[in-house]
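**Q** Next one to model:
(one chain, ligands or ions: 1)
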Amino acid sequence: MLFLEPFGATDAGKVRANNEDALLVGEGRDETLFVVADGIGGFEAGEVASRIAIDVLRNLEPGDSFEAAIREANRRILAVGRGDERLSGMGTTVVAVRFGGTREEPVVEIAHVGDSRAYLLRGGELQPVTEDHSLVAELVRSGDLTRAQAAEHPQKNLITRALGADEEVEVDTAVLPVEAGDRLLLCSDGLTDMVAEARIAEILADSPDDPEGPARALVSAALDAGGSDNVTVIVVDVKEEPPRAERSGDTHEMPAVARSGDRSQTTDRPPPQRPRSAEPRGRDRAPGRPKAARRKRKRVGLRRFVRGLAAVLIVVIALTPAYLWGSSRYFLGLEDGEVVAYRGLPYAPLGVELNTEWRRTGVEVSDVKTPYRDPIENHTLYTREELDPVLQDLGK
Ligand code: MN
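**A** Below is the predicted model of the structure:
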(Lines give C-alpha, C1' and ligand atoms only; values in the text may rest on other atoms or scores of the structure.)
Protein backbone atom coordinates (compact mmCIF):
# COMPACT_ATOMS: atom_id res chain seq x y z
CA MET A 1 0.00 0.00 0.00
CA LEU A 2 1.35 3.38 -0.96
CA PHE A 3 0.98 6.56 0.97
CA LEU A 4 2.02 10.13 0.38
CA GLU A 5 4.14 12.37 2.51
CA PRO A 6 4.08 15.99 1.29
CA PHE A 7 5.68 19.19 2.42
CA GLY A 8 5.02 22.64 0.98
CA ALA A 9 6.82 25.94 1.51
CA THR A 10 6.53 29.39 0.03
CA ASP A 11 8.43 32.63 0.48
CA ALA A 12 7.95 36.11 -0.99
CA GLY A 13 11.67 36.25 -1.72
CA LYS A 14 14.05 39.10 -1.12
CA VAL A 15 12.81 41.62 -3.66
CA ARG A 16 9.04 41.39 -4.03
CA ALA A 17 6.81 42.97 -1.41
CA ASN A 18 3.94 40.55 -2.04
CA ASN A 19 3.81 36.84 -2.48
CA GLU A 20 1.73 36.25 -5.60
CA ASP A 21 2.35 32.51 -5.47
CA ALA A 22 -0.24 30.26 -3.86
CA LEU A 23 -0.21 26.58 -3.01
CA LEU A 24 -2.47 23.73 -2.02
CA VAL A 25 -0.88 20.89 -0.07
CA GLY A 26 -3.61 18.28 0.20
CA GLU A 27 -6.15 20.53 1.95
CA GLY A 28 -8.67 20.18 -0.84
CA ARG A 29 -11.58 17.75 -1.14
CA ASP A 30 -9.18 15.48 -2.93
CA GLU A 31 -6.44 15.00 -0.39
CA THR A 32 -4.05 13.63 -2.95
CA LEU A 33 -4.13 16.95 -4.84
CA PHE A 34 -1.18 19.34 -4.79
CA VAL A 35 -1.08 22.66 -6.61
CA VAL A 36 1.28 25.58 -7.18
CA ALA A 37 0.00 28.77 -8.84
CA ASP A 38 2.11 31.83 -9.69
CA GLY A 39 0.04 34.97 -10.09
CA ILE A 40 0.72 37.76 -12.57
CA GLY A 41 -0.46 41.35 -12.37
CA GLY A 42 0.24 44.41 -10.29
CA PHE A 43 -1.66 45.85 -7.32
CA GLU A 44 -2.08 42.44 -5.69
CA ALA A 45 -3.95 41.27 -8.78
CA GLY A 46 -1.57 38.36 -9.16
CA GLU A 47 -2.36 37.24 -5.65
CA VAL A 48 -6.06 37.34 -6.40
CA ALA A 49 -5.62 35.31 -9.58
CA SER A 50 -3.45 32.61 -8.03
CA ARG A 51 -5.84 32.27 -5.12
CA ILE A 52 -8.87 31.93 -7.34
CA ALA A 53 -7.09 29.07 -9.08
CA ILE A 54 -6.28 27.41 -5.77
CA ASP A 55 -9.84 27.89 -4.48
CA VAL A 56 -11.41 26.32 -7.53
CA LEU A 57 -9.05 23.35 -7.36
CA ARG A 58 -9.62 23.00 -3.63
CA ASN A 59 -13.18 21.98 -4.46
CA LEU A 60 -12.18 19.46 -7.09
CA GLU A 61 -13.73 16.11 -6.18
CA PRO A 62 -11.66 13.00 -6.71
CA GLY A 63 -12.57 11.74 -10.15
CA ASP A 64 -13.65 15.15 -11.46
CA SER A 65 -11.95 16.39 -14.58
CA PHE A 66 -8.74 18.24 -13.92
CA GLU A 67 -9.01 20.14 -17.15
CA ALA A 68 -12.58 21.21 -16.48
CA ALA A 69 -11.58 22.61 -13.09
CA ILE A 70 -8.70 24.56 -14.56
CA ARG A 71 -10.97 25.93 -17.27
CA GLU A 72 -13.42 26.94 -14.58
CA ALA A 73 -10.63 28.75 -12.72
CA ASN A 74 -9.79 30.53 -15.96
CA ARG A 75 -13.39 31.70 -16.38
CA ARG A 76 -13.57 32.95 -12.81
CA ILE A 77 -10.33 34.88 -13.08
CA LEU A 78 -11.59 36.54 -16.26
CA ALA A 79 -14.94 37.34 -14.66
CA VAL A 80 -13.38 38.86 -11.55
CA GLY A 81 -10.95 40.82 -13.72
CA ARG A 82 -13.81 42.25 -15.75
CA GLY A 83 -15.58 43.39 -12.61
CA ASP A 84 -12.64 45.34 -11.24
CA GLU A 85 -10.42 47.60 -13.28
CA ARG A 86 -7.50 47.13 -10.93
CA LEU A 87 -7.66 43.39 -11.46
CA SER A 88 -8.09 43.43 -15.21
CA GLY A 89 -5.32 41.61 -16.97
CA MET A 90 -4.46 39.49 -13.96
CA GLY A 91 -3.47 35.92 -14.60
CA THR A 92 -1.81 32.93 -13.08
CA THR A 93 0.11 29.83 -13.95
CA VAL A 94 -0.93 26.54 -12.45
CA VAL A 95 0.73 23.18 -12.01
CA ALA A 96 -1.27 20.48 -10.27
CA VAL A 97 -0.82 16.79 -9.53
CA ARG A 98 -3.10 14.20 -7.98
CA PHE A 99 -2.52 10.58 -7.25
CA GLY A 100 -4.65 7.57 -8.04
CA GLY A 101 -4.83 4.49 -10.19
CA THR A 102 -4.97 0.99 -8.78
CA ARG A 103 -2.92 -1.07 -6.35
CA GLU A 104 -1.13 -2.70 -9.23
CA GLU A 105 -0.72 0.45 -11.24
CA PRO A 106 -0.70 3.62 -9.17
CA VAL A 107 -0.43 6.81 -11.15
CA VAL A 108 0.01 10.52 -10.82
CA GLU A 109 -2.03 12.82 -13.03
CA ILE A 110 -0.40 16.11 -13.93
CA ALA A 111 -1.98 19.25 -15.37
CA HIS A 112 -0.33 22.56 -16.06
CA VAL A 113 -0.57 25.94 -17.74
CA GLY A 114 2.36 28.37 -17.85
CA ASP A 115 5.89 27.99 -16.52
CA SER A 116 5.38 26.53 -13.07
CA ARG A 117 6.85 23.06 -13.21
CA ALA A 118 6.62 19.49 -12.03
CA TYR A 119 9.59 17.15 -11.78
CA LEU A 120 9.92 13.51 -10.86
CA LEU A 121 12.94 12.30 -8.91
CA ARG A 122 13.32 8.56 -9.38
CA GLY A 123 16.48 6.60 -8.71
CA GLY A 124 18.38 9.82 -8.13
CA GLU A 125 17.47 11.14 -11.59
CA LEU A 126 15.48 14.35 -11.93
CA GLN A 127 13.05 14.24 -14.85
CA PRO A 128 10.99 17.23 -15.92
CA VAL A 129 7.38 16.14 -16.40
CA THR A 130 6.04 19.45 -17.67
CA GLU A 131 7.09 21.64 -20.55
CA ASP A 132 6.92 25.38 -19.94
CA HIS A 133 4.45 27.41 -21.92
CA SER A 134 6.91 30.22 -22.31
CA LEU A 135 8.52 32.14 -25.09
CA VAL A 136 11.98 30.72 -24.48
CA ALA A 137 10.65 27.17 -24.18
CA GLU A 138 9.00 27.58 -27.59
CA LEU A 139 12.28 28.86 -28.97
CA VAL A 140 14.14 25.90 -27.48
CA ARG A 141 11.60 23.51 -29.01
CA SER A 142 11.94 25.19 -32.39
CA GLY A 143 15.73 24.96 -32.15
CA ASP A 144 16.29 28.72 -32.03
CA LEU A 145 17.75 28.64 -28.51
CA THR A 146 19.63 26.09 -26.47
CA ARG A 147 18.43 25.29 -22.96
CA ALA A 148 21.46 27.12 -21.57
CA GLN A 149 20.67 30.22 -23.64
CA ALA A 150 17.05 30.06 -22.55
CA ALA A 151 18.06 30.09 -18.88
CA GLU A 152 19.93 33.35 -19.42
CA HIS A 153 17.45 34.93 -21.80
CA PRO A 154 16.18 38.40 -20.81
CA GLN A 155 12.64 37.45 -21.81
CA LYS A 156 12.65 34.11 -20.06
CA ASN A 157 9.71 35.07 -17.87
CA LEU A 158 7.31 35.71 -20.73
CA ILE A 159 4.74 32.98 -20.70
CA THR A 160 2.64 31.99 -23.65
CA ARG A 161 -0.25 30.52 -21.69
CA ALA A 162 -1.88 31.57 -18.46
CA LEU A 163 -5.20 31.37 -16.70
CA GLY A 164 -6.96 34.70 -17.08
CA ALA A 165 -5.45 35.47 -20.47
CA ASP A 166 -8.24 34.36 -22.78
CA GLU A 167 -11.71 32.82 -22.86
CA GLU A 168 -10.26 29.44 -23.67
CA VAL A 169 -7.23 27.98 -22.03
CA GLU A 170 -5.35 24.98 -23.25
CA VAL A 171 -4.32 22.66 -20.42
CA ASP A 172 -1.52 20.13 -20.82
CA THR A 173 -2.19 16.89 -18.99
CA ALA A 174 -0.17 13.75 -18.47
CA VAL A 175 -0.56 10.53 -16.51
CA LEU A 176 2.56 8.80 -15.22
CA PRO A 177 2.95 5.55 -13.34
CA VAL A 178 4.35 6.05 -9.84
CA GLU A 179 6.12 3.70 -7.47
CA ALA A 180 7.35 3.71 -3.92
CA GLY A 181 10.45 5.86 -3.61
CA ASP A 182 9.27 8.43 -6.16
CA ARG A 183 9.56 12.05 -5.16
CA LEU A 184 7.50 14.68 -6.97
CA LEU A 185 8.45 18.34 -7.01
CA LEU A 186 6.10 21.17 -7.89
CA CYS A 187 7.57 24.66 -8.05
CA SER A 188 7.16 28.18 -9.32
CA ASP A 189 9.74 29.87 -11.53
CA GLY A 190 11.09 31.61 -8.44
CA LEU A 191 12.92 28.33 -7.85
CA THR A 192 13.88 27.32 -11.37
CA ASP A 193 15.08 30.79 -12.38
CA MET A 194 17.38 30.98 -9.38
CA VAL A 195 18.63 27.42 -8.92
CA ALA A 196 20.08 25.24 -11.68
CA GLU A 197 18.37 21.91 -12.31
CA ALA A 198 21.53 20.02 -11.38
CA ARG A 199 21.52 21.68 -7.97
CA ILE A 200 17.79 21.04 -7.53
CA ALA A 201 18.47 17.37 -8.23
CA GLU A 202 21.25 17.28 -5.64
CA ILE A 203 19.11 18.88 -2.97
CA LEU A 204 16.18 16.58 -3.71
CA ALA A 205 18.34 13.48 -3.62
CA ASP A 206 19.85 14.51 -0.32
CA SER A 207 17.38 13.26 2.28
CA PRO A 208 15.26 10.57 0.68
CA ASP A 209 13.15 9.84 3.76
CA ASP A 210 11.80 13.27 4.55
CA PRO A 211 10.23 15.82 2.16
CA GLU A 212 10.58 18.68 4.60
CA GLY A 213 14.35 19.04 4.50
CA PRO A 214 14.62 19.26 0.71
CA ALA A 215 11.57 21.55 0.43
CA ARG A 216 13.10 23.98 2.89
CA ALA A 217 16.54 23.64 1.35
CA LEU A 218 15.19 24.45 -2.12
CA VAL A 219 13.50 27.62 -0.89
CA SER A 220 16.71 28.59 0.93
CA ALA A 221 18.77 27.96 -2.19
CA ALA A 222 16.52 30.29 -4.20
CA LEU A 223 16.80 32.97 -1.51
CA ASP A 224 20.57 32.56 -1.30
CA ALA A 225 20.77 32.97 -5.06
CA GLY A 226 19.07 36.36 -4.77
CA GLY A 227 15.42 35.48 -4.20
CA SER A 228 14.34 37.90 -6.91
CA ASP A 229 10.90 36.31 -7.25
CA ASN A 230 8.37 34.62 -5.02
CA VAL A 231 9.42 31.02 -4.56
CA THR A 232 7.13 28.08 -3.91
CA VAL A 233 8.00 24.42 -3.58
CA ILE A 234 5.97 21.29 -2.84
CA VAL A 235 7.78 18.00 -2.38
CA VAL A 236 5.59 14.87 -2.34
CA ASP A 237 7.11 11.53 -1.41
CA VAL A 238 5.46 8.30 -2.52
CA LYS A 239 6.15 5.68 0.13
CA GLU A 240 5.39 2.09 0.79
CA GLU A 241 3.49 1.46 3.99
CA PRO A 242 4.58 -1.63 5.89
CA PRO A 243 1.85 -4.29 6.04
CA ARG A 244 -0.38 -3.96 9.08
CA ALA A 245 -0.58 -7.31 10.82
CA GLU A 246 -2.96 -5.96 13.45
CA ARG A 247 -5.58 -5.22 10.86
CA SER A 248 -6.40 -8.78 10.08
CA GLY A 249 -9.95 -7.98 9.02
CA ASP A 250 -8.78 -5.46 6.48
CA THR A 251 -9.48 -6.94 3.11
CA HIS A 252 -9.02 -3.93 0.88
CA GLU A 253 -8.62 -5.06 -2.68
CA MET A 254 -7.58 -1.61 -3.73
CA PRO A 255 -4.44 0.13 -2.75
CA ALA A 256 -4.62 3.39 -0.96
CA VAL A 257 -2.65 6.46 -1.43
CA ALA A 258 -2.65 7.71 2.07
CA ARG A 259 -1.59 10.67 4.04
CA SER A 260 -1.63 10.37 7.78
CA GLY A 261 -0.53 12.32 10.79
CA ASP A 262 -0.50 16.05 10.96
CA ARG A 263 2.35 18.31 11.71
CA SER A 264 2.58 22.03 11.39
CA GLN A 265 5.73 23.59 10.18
CA THR A 266 6.77 27.15 10.07
CA THR A 267 9.72 29.05 8.78
CA ASP A 268 11.45 31.97 10.33
CA ARG A 269 10.45 34.55 7.76
CA PRO A 270 7.48 36.83 8.38
CA PRO A 271 4.20 35.99 6.65
CA PRO A 272 3.46 37.70 3.36
CA GLN A 273 0.51 40.10 3.30
CA ARG A 274 -2.75 38.24 2.93
CA PRO A 275 -5.33 40.85 1.97
CA ARG A 276 -7.86 38.18 1.04
CA SER A 277 -8.94 35.18 2.97
CA ALA A 278 -8.39 32.70 0.20
CA GLU A 279 -5.39 31.06 1.79
CA PRO A 280 -5.72 27.57 3.14
CA ARG A 281 -7.21 27.75 6.60
CA GLY A 282 -5.47 24.83 8.23
CA ARG A 283 -4.91 24.63 11.94
CA ASP A 284 -1.41 25.83 11.32
CA ARG A 285 -2.49 28.95 9.52
CA ALA A 286 -3.49 31.22 12.36
CA PRO A 287 -3.13 34.89 11.42
CA GLY A 288 0.15 36.47 12.33
CA ARG A 289 2.04 33.22 12.59
CA PRO A 290 4.92 32.46 10.33
CA LYS A 291 3.75 31.12 7.07
CA ALA A 292 2.95 28.24 4.92
CA ALA A 293 4.89 25.13 5.17
CA ARG A 294 2.92 22.07 5.97
CA ARG A 295 3.30 18.39 6.20
CA LYS A 296 0.52 15.94 6.65
CA ARG A 297 -0.17 12.31 6.17
CA LYS A 298 -3.64 11.00 5.76
CA ARG A 299 -5.31 7.96 4.30
CA VAL A 300 -7.17 8.35 1.12
CA GLY A 301 -8.75 5.48 -0.75
CA LEU A 302 -7.78 5.23 -4.34
CA ARG A 303 -11.06 3.62 -5.23
CA ARG A 304 -12.42 7.06 -5.89
CA PHE A 305 -9.89 7.89 -8.47
CA VAL A 306 -9.95 7.45 -12.19
CA ARG A 307 -9.33 3.92 -13.27
CA GLY A 308 -7.88 2.53 -16.39
CA LEU A 309 -5.43 5.33 -16.88
CA ALA A 310 -2.49 3.43 -15.52
CA ALA A 311 0.40 2.82 -17.82
CA VAL A 312 -1.08 5.21 -20.32
CA LEU A 313 0.99 8.27 -20.87
CA ILE A 314 -1.00 11.08 -22.33
CA VAL A 315 0.83 14.23 -23.13
CA VAL A 316 -1.00 16.92 -24.96
CA ILE A 317 1.29 19.64 -26.11
CA ALA A 318 -0.44 22.36 -27.99
CA LEU A 319 1.95 24.19 -30.19
CA THR A 320 -0.14 27.18 -31.09
CA PRO A 321 0.21 30.07 -28.71
CA ALA A 322 -3.43 31.07 -28.49
CA TYR A 323 -2.41 34.05 -26.47
CA LEU A 324 0.92 35.49 -25.74
CA TRP A 325 1.30 37.06 -22.37
CA GLY A 326 3.56 39.67 -23.91
CA SER A 327 0.90 41.13 -26.16
CA SER A 328 0.80 44.25 -24.02
CA ARG A 329 4.55 44.68 -24.39
CA TYR A 330 6.30 47.01 -26.79
CA PHE A 331 9.69 47.11 -28.42
CA LEU A 332 11.58 49.29 -30.85
CA GLY A 333 12.92 48.31 -34.23
CA LEU A 334 13.98 49.87 -37.49
CA GLU A 335 12.17 50.16 -40.76
CA ASP A 336 13.79 51.98 -43.68
CA GLY A 337 16.10 53.76 -41.28
CA GLU A 338 13.26 55.00 -39.06
CA VAL A 339 12.66 53.87 -35.49
CA VAL A 340 9.31 52.11 -35.21
CA ALA A 341 7.54 51.02 -32.05
CA TYR A 342 5.96 47.58 -32.24
CA ARG A 343 3.37 46.10 -29.98
CA GLY A 344 3.89 42.46 -29.09
CA LEU A 345 7.03 40.40 -29.09
CA PRO A 346 10.01 40.45 -31.38
CA TYR A 347 9.67 36.79 -32.27
CA ALA A 348 7.71 34.61 -34.56
CA PRO A 349 7.92 31.16 -33.03
CA LEU A 350 6.22 28.55 -35.20
CA GLY A 351 5.76 31.14 -37.90
CA VAL A 352 3.10 33.04 -35.99
CA GLU A 353 3.58 36.78 -36.09
CA LEU A 354 3.47 38.05 -32.55
CA ASN A 355 3.78 41.76 -33.12
CA THR A 356 2.23 44.60 -35.05
CA GLU A 357 3.54 48.02 -35.95
CA TRP A 358 2.22 50.33 -33.32
CA ARG A 359 3.72 53.76 -33.98
CA ARG A 360 6.25 55.29 -36.32
CA THR A 361 8.48 57.66 -34.41
CA GLY A 362 9.80 59.89 -37.21
CA VAL A 363 13.25 59.50 -35.65
CA GLU A 364 16.00 58.49 -38.06
CA VAL A 365 18.44 55.85 -36.90
CA SER A 366 21.31 58.35 -37.17
CA ASP A 367 19.51 60.65 -34.70
CA VAL A 368 19.01 58.05 -32.00
CA LYS A 369 20.68 58.97 -28.71
CA THR A 370 23.40 56.54 -27.65
CA PRO A 371 21.61 54.97 -24.66
CA TYR A 372 18.77 53.82 -26.91
CA ARG A 373 20.90 52.13 -29.56
CA ASP A 374 21.28 48.88 -27.67
CA PRO A 375 17.61 48.59 -26.74
CA ILE A 376 16.68 49.06 -30.40
CA GLU A 377 19.25 46.51 -31.49
CA ASN A 378 18.19 44.00 -28.83
CA HIS A 379 14.46 44.62 -29.10
CA THR A 380 14.26 45.32 -25.40
CA LEU A 381 10.71 44.93 -24.15
CA TYR A 382 8.83 47.80 -22.55
CA THR A 383 5.50 48.23 -20.90
CA ARG A 384 3.48 51.16 -22.18
CA GLU A 385 4.51 53.20 -19.12
CA GLU A 386 8.16 52.49 -19.76
CA LEU A 387 7.94 53.16 -23.48
CA ASP A 388 6.34 56.59 -23.40
CA PRO A 389 9.32 58.43 -21.85
CA VAL A 390 11.68 56.54 -24.17
CA LEU A 391 9.76 57.77 -27.21
CA GLN A 392 9.86 61.32 -25.85
CA ASP A 393 13.59 61.21 -25.34
CA LEU A 394 14.65 59.06 -28.27
CA GLY A 395 15.92 61.58 -30.84
CA LYS A 396 18.71 64.08 -30.67
MN1 MN B 1 7.14 33.73 -10.43
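**Q** Am I right that L332 sits in a strand?
**A** Yes - the assignment for L332, made by DSSP: H, G, I helix; E, B strand; the rest coil, places it in a strand.
**Q** Quick check: beta-bridge partners of it?
**A** A341 (DSSP bridges).
**Q** Helices of this structure, residue ranges please.
**A** Remark: helices assigned in the chain by DSSP state H are 45-58, 66-83, 135-141, 147-152, 189-192, 197-206, 212-224, 373-378, 384-393.
**Q** and this structure, what are its domains?
**A** Split into domains by automatic domain parsing, the chain comes to 2-297, 329-393.
**Q** Export those domains as TSV, with columns for mean neighbour count.
**A** Quick note: C-beta positions are derived from backbone N, CA and C, even for glycine. Below are the domains of the chain laid out as TSV (neighbours: other Cβ atoms under 10 Å):
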stretch	mean neighbour count
domain 2-297	20
domain 329-393	15
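**Q** Out of those domains, which is closest to the ion?
**A** Among the domains of the chain, domain 2-297 comes nearest to the ion, with 4.2 Å by Cβ to the ion.
**Q** can I get the helices of the chain in JSON lines with distance to the ion?
**A** Shown next, in JSON lines, are the helices of the chain (distance: least, Cβ to the ion, whole Å):
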{"stretch": "helix 45-58", "distance to the ion": "9"}
{"stretch": "helix 66-83", "distance to the ion": "16"}
{"stretch": "helix 135-141", "distance to the ion": "14"}
{"stretch": "helix 147-152", "distance to the ion": "15"}
{"stretch": "helix 189-192", "distance to the ion": "4"}
{"stretch": "helix 197-206", "distance to the ion": "16"}
{"stretch": "helix 212-224", "distance to the ion": "10"}
{"stretch": "helix 373-378", "distance to the ion": "23"}
{"stretch": "helix 384-393", "distance to the ion": "20"}
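**Q** With mean pLDDT and distance to V129 as extra columns, can I get the ones you listed in a markdown table?
**A** Shown next, in a markdown table, are those (pLDDT from 0 to 100; distance: least, Cβ to Cβ, whole Å):
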| stretch | mean pLDDT | distance to V129 |
| --- | --- | --- |
| helix 45-58 | 96 | 18 |
| helix 66-83 | 95 | 14 |
| helix 135-141 | 88 | 14 |
| helix 147-152 | 84 | 16 |
| helix 189-192 | 96 | 13 |
| helix 197-206 | 96 | 13 |
| helix 212-224 | 97 | 17 |
| helix 373-378 | 82 | 33 |
| helix 384-393 | 87 | 36 |
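**Q** can you redo these as CSV with distance to I234?
**A** Below are the helices of the chain laid out as CSV (distance: least, Cβ to Cβ, whole Å):
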stretch, distance to I234
helix 45-58, 12
helix 66-83, 16
helix 135-141, 21
helix 147-152, 22
helix 189-192, 11
helix 197-206, 12
helix 212-224, 7
helix 373-378, 36
helix 384-393, 34
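**Q** Which one of these lies nearest to E168?
**A** The closest of the helices of the chain to E168 is helix 66-83. By Cβ to Cβ, the value is 7.8 Å.
**Q** For that closest one, enumerate the helices and strands it packs against.
**A** Using 3 or more Cβ pairs under 8 Å, 6 or more residues apart in numbering; DSSP states H and E, the elements in contact with helix 66-83 are helix 45-58, strand 94-101, strand 106-113.
**Q** could you redo the last one with a cut-off of 10 Å?
**A** For helix 66-83, the packing partners by 3 or more Cβ pairs under 10 Å, 6 or more residues apart in numbering; DSSP states H and E come out as strand 33-40, helix 45-58, strand 91-92, strand 94-101, strand 106-113, strand 172-177.
**Q** Quick one: these as JSON lines, columns for distance to S65 too.
**A** Converted to JSON lines, the helices and strands packed on helix 66-83 look like this (distance: least, Cβ to Cβ, whole Å):
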{"stretch": "strand 33-40", "distance to S65": "13"}
{"stretch": "helix 45-58", "distance to S65": "12"}
{"stretch": "strand 91-92", "distance to S65": "19"}
{"stretch": "strand 94-101", "distance to S65": "11"}
{"stretch": "strand 106-113", "distance to S65": "10"}
{"stretch": "strand 172-177", "distance to S65": "9"}
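**Q** which residues sit in contact with M90?
**A** Residues in contact with M90 (Cβ atoms under 10 Å, 6 or more residues apart in numbering) are 20, 39-50, 52, 77-78, 80-81, 84, 162-165.
**Q** meant to ask about T380, not that
**A** Residues in contact with T380 (Cβ under 10 Å, 6+ apart) are 154-155, 329-332, 346, 372, 374, 386-387, 390.
**Q** In those residues, find the pair that's most separated.
**A** Counting by Cβ to Cβ, the most remote pair of the contacts of T380 is Q155 and Y372, 18.4 Å apart.
**Q** Report the contact partners of the nearest residue in space to I203 that is not next to it in sequence.
**A** Distances taken as Cβ to Cβ, 6 or more residues apart in numbering place A217 nearest to I203, at 4.9 Å, with adjacent residues excluded. Residues in contact with A217 (Cβ under 10 Å, 6+ apart) are 9, 195, 200, 202-204, 206-207, 224, 233, 235.
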